[in-house]
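K.L.:
predicted model and sequence below, questions to follow.
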Amino acid sequence: MRKYQNQLILVFALCMLGNSWIAAANSSDTNTCNLEELSVEYRNLRTIPGHFGGGSWSDDADRWNGRKQQVMNLLGDCLGTGRYSKSEIIQWMGNPDRIAVKGDYYFAAIEHDRRNKPSGDYQYLIYFWRGGHDFLYFTFRGETIIDSGWWMAGE
């Protein structure tokens, strides 16, 4: 009987530990999508021209996995889920650097690299990370955001 009590206690302890890990993971997901903080930080980082925007090199703006890229990754993950509208993306991130439509260079560049293309008519909101060199895009149809992704120069 004692053997089974110990096993039962161990199972209970593991279940409790597992639940606390799940709760911690869920709260960190919520924290990564603090849109107000991300929006302010992105708008500040966006003002740094960096090397690819005609300015001096900036680790925050230019470095691979620098702060600007990290913040843009989070914004893409948070806002590109289909839960937000085109106008909400613009509210959080500001006006896009480009809106790409069929026949435009940026539209063709994204389409060339994209595997899963949506059906019907759609366009892209483009936010430059390092000049026009690399950028985050949001696919939209009307006011509906379909998804988000990255286009990289691939050097």
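P.N.:
Here it is on my side, so go on.
K.L.:
and His112, how far from Tyr127?
P.N.:
19 Å (C-beta to C-beta, to the nearest Å). To be clear about C-beta, it is placed using only N, CA and C from the backbone, and glycine gets the same treatment.
K.L.:
okay, these two: which has more neighbours?
P.N.:
Neighbour count, other C-beta atoms under 10 Å: between His112 and Tyr127, Tyr127 has more, with 21 against 8.
K.L.:
specify the beta-bridge partners of the more buried one.
P.N.:
Beta-bridge partners of Tyr127, counted by DSSP bridges, are Leu136.
K.L.:
what's in contact with stretch 44-64?
P.N.:
Residues from elsewhere that reach stretch 44-64, judged by C-beta atoms under 8 Å, 6 or more residues apart in numbering: 66-69, 71, 94, 128, 130-131, 133-134.
K.L.:
restricted to helices, list those.
P.N.:
Using DSSP state H, 67-69, 71 are the members of those that sit in helices.
K.L.:
could those residues go into CSV alongside distance to Arg83 and neighbour count?
P.N.:
Converted to CSV, the ones in helices among the contacts of stretch 44-64 look like this (distance: C-beta to C-beta, whole Å; neighbours: other C-beta atoms under 10 Å):
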residue, distance to Arg83, neighbour count
Arg67, 25, 17
Lys68, 24, 24
Gln69, 23, 20
Val71, 19, 22
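K.L.:
any chance of TSV for those, columns pLDDT?
P.N.:
Formatted as TSV, the ones in helices among the contacts of stretch 44-64 follow (pLDDT from 0 to 100):
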residue	pLDDT
Arg67	97
Lys68	97
Gln69	97
Val71	98
